[in-house]
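Novice: please work out how this folds:
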Amino acid sequence: MNLRTLIDVQTLAGSIGASDVLVVDCRVDLADRTRGAREYAQGHIPGAVYANLEQDLSDLSKQGLGRHPLPDAAAFSAVLARWGWTPDTPVVAYDSANGALAAARLWWMLRLVGARNVGVLDGGLQAWTAAGLPLNADIPQRTPTQVAVAFDPEQIVYTDALSKMLQNPQMLLIDARAAPRYRGEVEPIDAVAGHVPGARNRPFSDNLAADGHFKSAGELRTEFDALLGAHAPGDVVNMCGSGVTACHNLLAMEHAGLTGSRIYAPSWSGWIADPQHSIER
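Specialist: Next up, the predicted model:
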(Lines give C-alpha, C1' and ligand atoms only; values in the text may rest on other atoms or scores of the structure.)
Protein backbone atom coordinates (compact mmCIF):
# COMPACT_ATOMS: atom_id res chain seq x y z
CA MET A 1 0.00 0.00 0.00
CA ASN A 2 1.11 3.55 -0.69
CA LEU A 3 -0.83 5.89 1.59
CA ARG A 4 -0.56 9.63 2.10
CA THR A 5 -3.90 11.12 3.14
CA LEU A 6 -7.15 9.19 2.47
CA ILE A 7 -8.07 5.61 1.56
CA ASP A 8 -11.47 4.37 0.41
CA VAL A 9 -13.24 1.40 1.96
CA GLN A 10 -12.89 -0.91 -1.03
CA THR A 11 -9.15 -0.41 -1.21
CA LEU A 12 -8.84 -1.09 2.51
CA ALA A 13 -11.08 -4.16 2.29
CA GLY A 14 -8.89 -5.56 -0.48
CA SER A 15 -5.74 -4.96 1.56
CA ILE A 16 -6.77 -6.64 4.80
CA GLY A 17 -5.19 -10.07 4.85
CA ALA A 18 -3.23 -9.35 1.71
CA SER A 19 -0.64 -7.10 3.38
CA ASP A 20 0.65 -6.21 6.82
CA VAL A 21 -1.51 -3.13 7.06
CA LEU A 22 -2.11 -1.88 10.60
CA VAL A 23 -5.72 -0.76 10.99
CA VAL A 24 -6.40 1.44 14.04
CA ASP A 25 -9.85 2.17 15.46
CA CYS A 26 -9.72 5.67 16.98
CA ARG A 27 -13.33 6.11 18.04
CA VAL A 28 -13.95 8.46 20.96
CA ASP A 29 -16.92 10.26 22.46
CA LEU A 30 -15.81 13.31 24.45
CA ALA A 31 -19.07 13.21 26.44
CA ASP A 32 -18.66 9.51 27.31
CA ARG A 33 -15.00 8.63 27.71
CA THR A 34 -15.57 4.86 27.70
CA ARG A 35 -17.90 4.66 24.72
CA GLY A 36 -15.22 4.30 22.04
CA ALA A 37 -13.61 1.30 23.75
CA ARG A 38 -17.00 -0.29 24.39
CA GLU A 39 -18.06 0.05 20.78
CA TYR A 40 -14.71 -1.27 19.59
CA ALA A 41 -15.19 -4.36 21.77
CA GLN A 42 -18.66 -4.87 20.30
CA GLY A 43 -17.44 -4.74 16.71
CA HIS A 44 -14.68 -3.23 14.59
CA ILE A 45 -13.04 -3.56 11.20
CA PRO A 46 -11.38 -7.00 11.15
CA GLY A 47 -7.84 -6.89 12.45
CA ALA A 48 -8.09 -3.37 13.90
CA VAL A 49 -6.37 -2.45 17.15
CA TYR A 50 -7.81 0.27 19.38
CA ALA A 51 -6.31 3.69 20.07
CA ASN A 52 -7.61 5.50 23.13
CA LEU A 53 -7.35 9.25 22.55
CA GLU A 54 -6.71 10.08 26.19
CA GLN A 55 -4.44 7.14 27.06
CA ASP A 56 -2.56 6.38 23.83
CA LEU A 57 -2.62 9.67 21.91
CA SER A 58 -2.46 12.14 24.82
CA ASP A 59 -0.84 12.62 28.21
CA LEU A 60 -3.44 14.15 30.50
CA SER A 61 -0.90 14.57 33.31
CA LYS A 62 0.71 17.52 31.53
CA GLN A 63 -0.53 20.87 32.79
CA GLY A 64 -1.15 24.06 30.81
CA LEU A 65 -0.92 22.32 27.43
CA GLY A 66 -4.62 21.98 26.71
CA ARG A 67 -7.10 19.18 27.21
CA HIS A 68 -5.21 16.68 25.07
CA PRO A 69 -1.45 17.29 25.44
CA LEU A 70 0.79 15.27 23.19
CA PRO A 71 2.43 12.36 24.99
CA ASP A 72 6.20 12.11 25.26
CA ALA A 73 7.85 10.32 22.36
CA ALA A 74 8.82 7.43 24.62
CA ALA A 75 5.19 6.84 25.59
CA PHE A 76 4.06 6.94 21.97
CA SER A 77 6.89 4.59 21.06
CA ALA A 78 5.52 2.09 23.60
CA VAL A 79 2.05 2.35 22.05
CA LEU A 80 3.40 1.76 18.55
CA ALA A 81 5.50 -1.17 19.78
CA ARG A 82 2.44 -2.72 21.42
CA TRP A 83 0.62 -2.51 18.09
CA GLY A 84 3.50 -4.21 16.28
CA TRP A 85 4.30 -1.14 14.20
CA THR A 86 7.54 -0.60 12.31
CA PRO A 87 8.52 2.34 10.09
CA ASP A 88 7.64 0.17 7.07
CA THR A 89 4.14 -0.70 8.30
CA PRO A 90 1.28 0.92 6.36
CA VAL A 91 -1.33 2.36 8.74
CA VAL A 92 -5.02 3.14 8.22
CA ALA A 93 -6.82 5.06 10.97
CA TYR A 94 -10.59 5.36 11.23
CA ASP A 95 -13.27 6.58 13.60
CA SER A 96 -17.02 7.22 13.54
CA ALA A 97 -16.69 11.00 13.19
CA ASN A 98 -15.50 11.20 9.59
CA GLY A 99 -11.87 11.29 10.71
CA ALA A 100 -12.20 14.08 13.27
CA LEU A 101 -12.25 12.00 16.50
CA ALA A 102 -9.47 10.90 16.50
CA ALA A 103 -8.27 9.26 13.27
CA ALA A 104 -6.75 12.46 11.89
CA ARG A 105 -4.96 12.98 15.23
CA LEU A 106 -3.23 9.59 14.92
CA TRP A 107 -2.45 10.29 11.25
CA TRP A 108 -0.76 13.57 12.26
CA MET A 109 1.14 12.00 15.14
CA LEU A 110 2.53 9.31 12.85
CA ARG A 111 3.65 12.01 10.43
CA LEU A 112 5.38 13.73 13.34
CA VAL A 113 7.55 10.65 13.84
CA GLY A 114 8.41 10.38 10.15
CA ALA A 115 5.82 7.83 8.98
CA ARG A 116 4.56 8.58 5.50
CA ASN A 117 2.65 5.42 4.61
CA VAL A 118 -0.40 6.33 6.67
CA GLY A 119 -3.95 7.27 5.72
CA VAL A 120 -7.40 7.97 7.13
CA LEU A 121 -10.41 5.91 6.04
CA ASP A 122 -12.59 8.23 3.97
CA GLY A 123 -16.12 8.23 5.36
CA GLY A 124 -15.04 6.41 8.50
CA LEU A 125 -16.74 3.39 10.00
CA GLN A 126 -20.08 4.47 8.55
CA ALA A 127 -18.73 4.14 5.00
CA TRP A 128 -17.40 0.68 5.83
CA THR A 129 -20.73 -0.61 7.12
CA ALA A 130 -22.70 1.18 4.37
CA ALA A 131 -20.66 -0.82 1.85
CA GLY A 132 -21.86 -4.02 3.49
CA LEU A 133 -18.41 -4.86 4.80
CA PRO A 134 -18.11 -6.93 7.98
CA LEU A 135 -17.21 -6.11 11.55
CA ASN A 136 -16.00 -8.53 14.17
CA ALA A 137 -15.18 -8.50 17.86
CA ASP A 138 -11.93 -10.48 17.68
CA ILE A 139 -8.99 -8.75 19.37
CA PRO A 140 -5.98 -9.08 17.06
CA GLN A 141 -2.77 -10.58 18.41
CA ARG A 142 0.00 -8.58 16.78
CA THR A 143 3.62 -9.32 17.54
CA PRO A 144 5.16 -6.48 19.57
CA THR A 145 8.12 -4.66 18.09
CA GLN A 146 11.03 -2.57 19.35
CA VAL A 147 10.28 1.06 18.50
CA ALA A 148 11.95 4.35 19.41
CA VAL A 149 10.48 7.37 17.67
CA ALA A 150 10.92 11.12 18.06
CA PHE A 151 8.50 13.93 17.26
CA ASP A 152 9.57 16.54 14.71
CA PRO A 153 9.40 19.81 16.69
CA GLU A 154 9.24 21.86 13.50
CA GLN A 155 5.71 20.59 12.87
CA ILE A 156 4.38 21.48 16.33
CA VAL A 157 3.62 24.97 17.66
CA TYR A 158 3.34 25.73 21.36
CA THR A 159 1.95 28.81 23.07
CA ASP A 160 5.12 30.87 23.51
CA ALA A 161 5.97 30.43 19.83
CA LEU A 162 2.41 31.22 18.77
CA SER A 163 2.41 34.44 20.80
CA LYS A 164 5.44 35.59 18.82
CA MET A 165 4.02 34.39 15.51
CA LEU A 166 0.89 36.47 16.01
CA GLN A 167 3.03 39.57 15.61
CA ASN A 168 3.95 38.45 12.08
CA PRO A 169 1.31 39.34 9.45
CA GLN A 170 2.68 36.58 7.22
CA MET A 171 1.39 33.93 9.64
CA LEU A 172 -2.22 32.67 9.41
CA LEU A 173 -3.96 30.90 12.30
CA ILE A 174 -6.99 28.77 11.33
CA ASP A 175 -9.48 27.61 13.98
CA ALA A 176 -11.31 24.34 13.19
CA ARG A 177 -14.07 24.69 15.78
CA ALA A 178 -17.71 25.23 14.88
CA ALA A 179 -18.54 28.86 14.07
CA PRO A 180 -20.61 29.57 17.24
CA ARG A 181 -17.70 28.44 19.43
CA TYR A 182 -15.21 30.44 17.39
CA ARG A 183 -17.40 33.55 17.71
CA GLY A 184 -17.70 33.02 21.47
CA GLU A 185 -21.48 32.66 21.41
CA VAL A 186 -21.35 29.25 23.12
CA GLU A 187 -18.65 27.21 24.83
CA PRO A 188 -19.77 23.71 25.82
CA ILE A 189 -16.34 22.38 26.83
CA ASP A 190 -13.78 25.01 27.81
CA ALA A 191 -13.92 27.55 30.63
CA VAL A 192 -13.69 30.64 28.41
CA ALA A 193 -15.46 31.42 25.13
CA GLY A 194 -13.96 33.14 22.11
CA HIS A 195 -10.92 32.72 19.88
CA VAL A 196 -7.28 33.67 19.62
CA PRO A 197 -6.98 37.22 18.26
CA GLY A 198 -6.54 37.24 14.51
CA ALA A 199 -7.54 33.61 13.95
CA ARG A 200 -9.76 32.79 10.98
CA ASN A 201 -12.48 30.17 11.19
CA ARG A 202 -12.65 27.03 9.05
CA PRO A 203 -14.90 24.49 10.80
CA PHE A 204 -13.54 21.02 10.12
CA SER A 205 -17.03 19.93 9.05
CA ASP A 206 -16.61 22.15 5.98
CA ASN A 207 -14.12 19.58 4.69
CA LEU A 208 -16.89 17.03 4.24
CA ALA A 209 -19.52 16.44 1.59
CA ALA A 210 -23.11 15.68 2.53
CA ASP A 211 -22.44 11.93 2.51
CA GLY A 212 -19.71 12.24 5.15
CA HIS A 213 -16.80 11.67 2.77
CA PHE A 214 -14.14 14.30 2.23
CA LYS A 215 -14.79 16.74 -0.57
CA SER A 216 -12.68 16.23 -3.66
CA ALA A 217 -9.09 17.43 -3.61
CA GLY A 218 -9.97 20.09 -6.18
CA GLU A 219 -12.91 21.44 -4.20
CA LEU A 220 -10.86 21.54 -1.01
CA ARG A 221 -8.06 23.31 -2.87
CA THR A 222 -10.45 26.00 -4.12
CA GLU A 223 -11.91 26.58 -0.66
CA PHE A 224 -8.59 26.70 1.16
CA ASP A 225 -7.03 28.92 -1.52
CA ALA A 226 -9.83 31.41 -0.88
CA LEU A 227 -9.19 31.24 2.87
CA LEU A 228 -5.41 31.50 2.59
CA GLY A 229 -5.34 34.33 0.09
CA ALA A 230 -1.71 35.41 -0.25
CA HIS A 231 -0.54 33.09 2.55
CA ALA A 232 1.52 30.04 1.64
CA PRO A 233 0.53 26.69 3.24
CA GLY A 234 3.72 26.85 5.29
CA ASP A 235 2.47 30.09 6.87
CA VAL A 236 -0.58 28.30 8.29
CA VAL A 237 -1.00 27.05 11.85
CA ASN A 238 -4.13 24.98 12.55
CA MET A 239 -5.88 24.93 15.92
CA CYS A 240 -9.16 23.84 17.51
CA GLY A 241 -10.29 23.24 21.09
CA SER A 242 -7.59 20.79 22.17
CA GLY A 243 -5.46 19.90 19.15
CA VAL A 244 -7.60 17.04 17.82
CA THR A 245 -10.01 18.34 15.16
CA ALA A 246 -7.33 20.79 13.99
CA CYS A 247 -5.67 17.72 12.46
CA HIS A 248 -8.74 17.31 10.22
CA ASN A 249 -8.01 20.68 8.58
CA LEU A 250 -4.34 19.80 8.18
CA LEU A 251 -5.36 16.48 6.59
CA ALA A 252 -7.74 18.28 4.21
CA MET A 253 -5.03 20.74 3.21
CA GLU A 254 -2.55 17.94 2.54
CA HIS A 255 -5.17 16.06 0.51
CA ALA A 256 -5.67 19.24 -1.53
CA GLY A 257 -1.94 19.49 -2.20
CA LEU A 258 -1.40 22.37 0.24
CA THR A 259 1.48 20.92 2.21
CA GLY A 260 3.47 22.21 5.12
CA SER A 261 1.00 23.66 7.63
CA ARG A 262 1.42 22.99 11.35
CA ILE A 263 -0.66 22.37 14.47
CA TYR A 264 -0.90 24.59 17.55
CA ALA A 265 -0.97 21.56 19.83
CA PRO A 266 -2.45 23.10 23.03
CA SER A 267 -5.07 24.94 20.95
CA TRP A 268 -7.82 27.00 22.59
CA SER A 269 -7.79 25.08 25.89
CA GLY A 270 -4.05 25.73 26.13
CA TRP A 271 -4.33 29.39 25.14
CA ILE A 272 -6.84 30.17 27.88
CA ALA A 273 -4.76 28.35 30.51
CA ASP A 274 -2.97 31.69 30.91
CA PRO A 275 -5.52 34.38 31.88
CA GLN A 276 -3.11 37.05 30.59
CA HIS A 277 -3.76 35.98 26.99
CA SER A 278 -6.09 38.19 24.98
CA ILE A 279 -9.22 36.73 23.43
CA GLU A 280 -11.64 37.91 20.76
CA ARG A 281 -15.35 37.35 20.42
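Novice: for Y50, give its distance to E223.
Specialist: 33 Å (Cβ to Cβ, to the nearest Å). Glycine gets a C-beta too; all of them are placed from N, C-alpha and C.
Novice: before we move on, what about I16?
Specialist: I16 is 33 Å from E223, by Cβ to Cβ.
Novice: more crowded one of Y50 and E223?
Specialist: The neighbour comparison of Y50 against E223 (other Cβ atoms under 10 Å) goes to Y50, with 19 against 16.
Novice: the helices in the stretch 101-250 of the chain, which residues?
Specialist: 103-112, 124-130, 159-165, 179-183, 217-228, 246-255 (DSSP state H, counting those that start in this stretch).
Novice: just put these in a markdown table and tack on distance to M171 and mean pLDDT.
Specialist: Output for those, formatted as a markdown table (distance: least, Cβ to Cβ, whole Å; pLDDT from 0 to 100):
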| stretch | distance to M171 | mean pLDDT |
| --- | --- | --- |
| helix 103-112 | 19 | 98 |
| helix 124-130 | 32 | 98 |
| helix 159-165 | 5 | 97 |
| helix 179-183 | 18 | 98 |
| helix 217-228 | 12 | 98 |
| helix 246-255 | 15 | 98 |
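Novice: surely S278 is in contact with A199?
Specialist: No. With contact defined as Cβ atoms under 8 Å, S278 does not count as touching A199 (11.5 Å).
Novice: of these two, who's got more company?
Specialist: For S278 versus A199, neighbours defined as other Cβ under 10 Å are more numerous around A199 (21 against 11).
Novice: show me what contacts the more buried one?
Specialist: Shown in contact with A199 (Cβ atoms under 8 Å, 6 or more residues apart in numbering): L173, I174, D175, Y182, M239, E280.
Novice: again, 7 Å this time
Specialist: L173, I174, D175, M239 (Cβ atoms under 7 Å, 6 or more residues apart in numbering).
Novice: looking at these, which are in strands?
Specialist: L173, I174, D175, M239 (DSSP state E).
Novice: just the buried residues of those.
Specialist: L173, I174, D175, M239 (16 or more other Cβ atoms under 10 Å).
Novice: and for stretch 170-183, what's in contact with it?
Specialist: 165, 186-187, 195-196, 198-204, 228, 231, 235-241, 245-246, 248-249, 281.
Novice: if we use 6 Å, what do you get?
Specialist: 165, 186, 195, 199-204, 231, 235-241, 245-246, 249 (Cβ atoms under 6 Å, 6 or more residues apart in numbering).
Novice: quick check: buried residues in that stretch?
Specialist: Applying 16+ other Cβ under 10 Å to stretch 170-183 flags M171, L172, L173, I174, D175, A176, R177, A178, R181, Y182 as buried.
Novice: could you do stretch 53-63 as well?
Specialist: Using 16+ other Cβ under 10 Å as the burial criterion, the residues of stretch 53-63 that qualify are L53, D56, L57, S58, D59.
Novice: ends of it, how far apart?
Specialist: This stretch, stretch 53-63, spans 17 Å end to end (Cα to Cα, to the nearest Å).
Novice: distance between it and the chain's centre?
Specialist: Distance of stretch 53-63 from the chain centroid (Cα atoms, centre = their mean, to the nearest Å) equals 14 Å.
Novice: again with stretch 217-234
Specialist: With Cα atoms, centre = their mean, you get 19 Å for stretch 217-234.
Novice: can you give me the neighbour number for Q146?
Specialist: 7.
Novice: for it, give me its contacts.
Specialist: Counting by Cβ under 6 Å, 6+ apart, Q146 has no contacts.
Novice: distance-wise, check it relative to V91.
Specialist: When Q146 is compared with V91 (using Cβ to Cβ), they lie 18 Å apart.
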